[in-house]
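Visitor: test case, fold it:
(4 chains)
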Protein chains: 2
Amino acid sequence: MTDEASFLAGYDPRDYPAVAVTVDVVALTIRDGKLCVLLVERGEQPFAGRRALPGGFVREETLDEAARRELAEETGLLPGAKDLERVHLEQLRTYGNPGRDPRMRVVSVAYLAFAPHLPEPTAGSDAARAYWVPVEAAGDLAFDHDQILAEGLDRARDKLEYTPLATAFVDPEFTISELRAVYTAVWGEELHAGNFHRKVLSVPGFVESTGETATRGGERGGPKPKLYRAGDATLLHPALLRPTREDRIR
Amino acid sequence: MTDEASFLAGYDPRDYPAVAVTVDVVALTIRDGKLCVLLVERGEQPFAGRRALPGGFVREETLDEAARRELAEETGLLPGAKDLERVHLEQLRTYGNPGRDPRMRVVSVAYLAFAPHLPEPTAGSDAARAYWVPVEAAGDLAFDHDQILAEGLDRARDKLEYTPLATAFVDPEFTISELRAVYTAVWGEELHAGNFHRKVLSVPGFVESTGETATRGGERGGPKPKLYRAGDATLLHPALLRPTREDRIR
DNA sequence: GAAATAGTGTCTGTAAGACACTATTCC
DNA sequence: GGAATAGTGTCTTACAGACACTATTTC
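Guide: Below you'll find the predicted structure:
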């Protein structure tokens, strides 16, 4: 019993306690100036009728592919659609406490998705029960999804500081004000417009000018702003730190 | 078929492709001024004889517990030992590409462990083939463990900047020089002793003085340094940034 | 015209890094 | 004594945040 075949035989999955692997997606976008998360209303037990993060079982695919597929199914976007390709996806954390799903042992790999304004998902059949909910109104989710959402929000807030993630929430061409609106929506804090403007332009590779100007000013007045697109930086240096809160340190 | 029992029945694990869930641990420590990782020599197929990260199947336990148990088994430390409790453990990332294990679909939750100098693991039977290896000599591992190790090292280097993680690598009472030695070992860069000293003391909650002084100076001379212990900060503010390297930004 | 916004100028306090220097200890 | 280290002082430069101000645009 030393050849490889015997070891392969020795690892019959039925020898081990059954574990299911799922992906759950914390998909964030900004609608009407508010940070929103994509939720689905569960039609099945357990937690039937409760809201939950979109997710499902992993198939013969990578974990990343599973997350993007689930997101496509729940938003009603076609796999391969331009909108979907622009969605930034990254792994958040894996949740696997025994008992987190009453049916069986389920280990869930949570993903974080950042999207510019996607259409309201009403088209596809799978997506019929999915909708965007402002994060402050997104409590009381099924399973341990409250915790997953909370950690996803923390991660998103952190990453705005030291990565150009905010550009994933806006159109390919954007104004500095639109970018600032992302920060205020995600952080829930007002930022000084003038200082923010200078700061963004001073960070190498954060944004680059398109040379163009918007066709009109703001709805309530103001000059036509210049347009920018995302630069080639993957890290912001120096970082764009949010106002320090003592309680984040201890 | 609308009651919960029928749904539970509907989720018989044998309806789904078999997936195994494991934990793998990137355990880091500093020995002789070098950053080292705990590796095991595999005795079984696949990859028999190759070095790999310690790990194993998840049982009826949380993922965190599984990681700590695996670490205990491979280091030969007793579960519950003081040394083991002082090890800082955190989840790194989950790896689940199809084909990463030739036997079957294996999804591995990788953990990062930071330990002060643990004994060389020669005692227990499981630990007989485990040893600490300087990270620069730790290439060519089994499975996708090279990638896991690389991402673990990246994470460790990042976390030294903005968390008091370095204190997890030293004894409960330590000198500023010992702390600096952690930074130089993990970052692989020399740091200016004077500026480092002042910086560490200026960050609120990073270290606190014990009031004591070491019983003797350095091996090659120098005054008796003061002793410190870890403070109550969970984030360093302002952060202790490593010398900026352009290539980390793009 | 009134109100709002884009973008810039300036000042202040804090922090990082370079360099210098003293005092102390080990060999 | 010689060499290494602990710890502090000082100077320069960079940056964050506060505040002010002008120019431009919408209603």
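Visitor: could you check the pLDDT of the closest residue to A:Pro204 other than its chain neighbours?
Guide: Nearest non-adjacent residue to A:Pro204, counting by CB to CB, 6 or more residues apart in numbering or on different chains: A:Ala233, 6.4 Å away. For the C-beta atoms, the positions are set from N, CA and C on the backbone; glycine is no exception. At A:Ala233, the pLDDT value in this model is 96.
Visitor: test my guess that A:Ala233 contacts A:Glu208.
Guide: No. A:Ala233 lies out of contact with A:Glu208 (CB atoms under 8 Å); the separation is 9.9 Å.
Visitor: so for the two, which residue has more residues nearby?
Guide: A:Ala233 (18 against 13; other CB atoms under 10 Å in any protein chain shown).
Visitor: and the more buried one, helix, strand or coil?
Guide: Each residue gets one of three states, and A:Ala233 gets coil by DSSP: H, G, I helix; E, B strand; the rest coil.
Visitor: and A:Asn97, how close does it get to A:Asp144?
Guide: Distance, A:Asn97 to A:Asp144, by CB to CB, to the nearest Å: 7 Å.
Visitor: meant to ask about A:Leu92
Guide: Taking CB to CB, one finds A:Leu92 at 13 Å from A:Asp144.
Visitor: higher neighbour count, these two?
Guide: The neighbour count for A:Leu92 versus A:Asp144, taken as other CB under 10 Å, is higher for A:Leu92 (24 against 17).
Visitor: give the contact list for that one.
Guide: Taking CB atoms under 8 Å, 6 or more residues apart in numbering or on different chains, we find A:Leu92 in contact with A:Val26, A:Ala110, A:Tyr111, A:Leu112, A:Ile148, A:Glu151, A:Gly152, A:Arg155.
Visitor: mind listing the strands in chain A by residue range?
Guide: Here chain A has its strands, by DSSP state E, at A:19-31, A:34-41, A:51-52, A:55-57, A:88-95, A:105-114, A:130-134, A:207-213, A:226-230.
Visitor: closest one to B:Leu63 among these?
Guide: Of all these, it is strand A:88-95 that lies closest to B:Leu63, at 6.6 Å by CB to CB.
Visitor: may I have that closest one as PDB, with CA atoms only?
Guide: Only the C-alpha atoms of strand A:88-95 are listed here, as PDB (Å, rounded to 0.1, in the frame of the first residue of the first chain):
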ATOM      1  CA  HIS A  88     -14.300  44.400  -8.800                       C
ATOM      2  CA  LEU A  89     -14.300  41.100  -6.900                       C
ATOM      3  CA  GLU A  90     -12.100  40.000  -4.100                       C
ATOM      4  CA  GLN A  91     -12.200  37.400  -1.400                       C
ATOM      5  CA  LEU A  92     -13.300  38.600   2.000                       C
ATOM      6  CA  ARG A  93     -13.000  35.800   4.500                       C
ATOM      7  CA  THR A  94     -14.300  32.200   5.000                       C
ATOM      8  CA  TYR A  95     -16.900  31.300   7.500                       C
END
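Visitor: pairing partners for it, with directions?
Guide: The strands beside strand A:88-95 in its sheet (DSSP bridges) come out as strand A:105-114 (antiparallel).
Visitor: okay, the partner strand in PDB with CA atoms only?
Guide: This file holds the C-alpha atoms of strand A:105-114, laid out as PDB (Å, rounded to 0.1, in the frame of the first residue of the first chain):
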ATOM      1  CA  ARG A 105     -21.700  21.700   7.800                       C
ATOM      2  CA  VAL A 106     -21.400  24.500   5.300                       C
ATOM      3  CA  VAL A 107     -18.200  26.400   4.800                       C
ATOM      4  CA  SER A 108     -18.800  29.600   3.000                       C
ATOM      5  CA  VAL A 109     -16.200  31.600   1.200                       C
ATOM      6  CA  ALA A 110     -17.300  35.200   1.300                       C
ATOM      7  CA  TYR A 111     -16.500  37.700  -1.500                       C
ATOM      8  CA  LEU A 112     -16.700  41.400  -1.700                       C
ATOM      9  CA  ALA A 113     -17.900  43.000  -4.900                       C
ATOM     10  CA  PHE A 114     -17.700  46.600  -5.800                       C
END
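Visitor: that strand versus strand A:34-41: what angle between them?
Guide: For strand A:105-114 against strand A:34-41, the angle by axes from the mean of the first three to the mean of the last three CA atoms, to 10 degrees is 150 degrees.
Visitor: distance of A:Lys82 from A:Val25?
Guide: Counting by CB to CB, the gap from A:Lys82 to A:Val25 is 19 Å.
Visitor: and the two? which has more neighbours close in?
Guide: A:Val25 (30 against 8).
Visitor: for the more buried one, give the beta-bridge partners.
Guide: A:Tyr111.
Visitor: with the one 5 residues further on instead?
Guide: A:Ile30 forms beta bridges with A:Leu35, as assigned by DSSP bridges.
Visitor: do you know how far it is from A:Arg180?
Guide: Using CB to CB, we find A:Ile30 at a distance of 12 Å from A:Arg180.
Visitor: list the contacts for the residue lying closest to A:Thr215 once chain neighbours are set aside?
Guide: Of all residues not flanking A:Thr215 in the chain, A:Lys224 sits nearest, at 7.2 Å (CB to CB, 6+ apart). Contacts were defined as CB under 8 Å, 6+ apart; by that measure A:Lys224 touches A:Thr213, A:Ala214, A:Thr215, A:Arg216, A:Gly217.
Visitor: over to A:Thr210?
Guide: A:Thr210 is in contact with A:Glu173, A:Lys226, A:Leu227, A:Tyr228, A:Arg229, counting by CB under 8 Å, 6+ apart.
Visitor: now A:Glu212
Guide: Contacts of A:Glu212 (CB under 8 Å, 6+ apart): A:Glu173, A:Lys226, A:Leu227.
Visitor: so how far is A:Pro116 from it?
Guide: 18 Å.
Visitor: pLDDT wise, what is A:Leu165 at?
Guide: Note on A:Leu165: pLDDT of 97.
Visitor: need the per-residue pLDDT for the closest residue to it other than its chain neighbours.
Guide: In this structure, A:Leu165 finds its nearest non-sequential neighbour in A:Lys159, 4.6 Å apart by CB to CB, 6+ apart. Turning to A:Lys159, the model gives it a pLDDT of 97.
Visitor: what about A:Lys159, how many neighbours?
Guide: 19.
Visitor: quick one: it and A:Thr167 touch, right?
Guide: No. Counting by CB under 8 Å, A:Lys159 stays clear of A:Thr167, with 11.6 Å between them.
Visitor: anything in the longest helix along chain A near DNA strand C?
Guide: As assigned by DSSP state H, the longest helix anywhere in chain A is helix A:145-162. No. Under the criterion of CB under 7 Å from any atom of the strand, helix A:145-162 makes no contact with DNA strand C; the nearest approach is 14.6 Å.
Visitor: what distance separates that helix from the centre of its chain?
Guide: Mean-position distance between helix A:145-162 and its chain equals 9 Å (CA atoms, centre = their mean, to the nearest Å).
Visitor: neighbour count: A:Ile30 and A:Arg180, which is higher?
Guide: A:Ile30 (22 against 19).
Visitor: sweet, I'm off.
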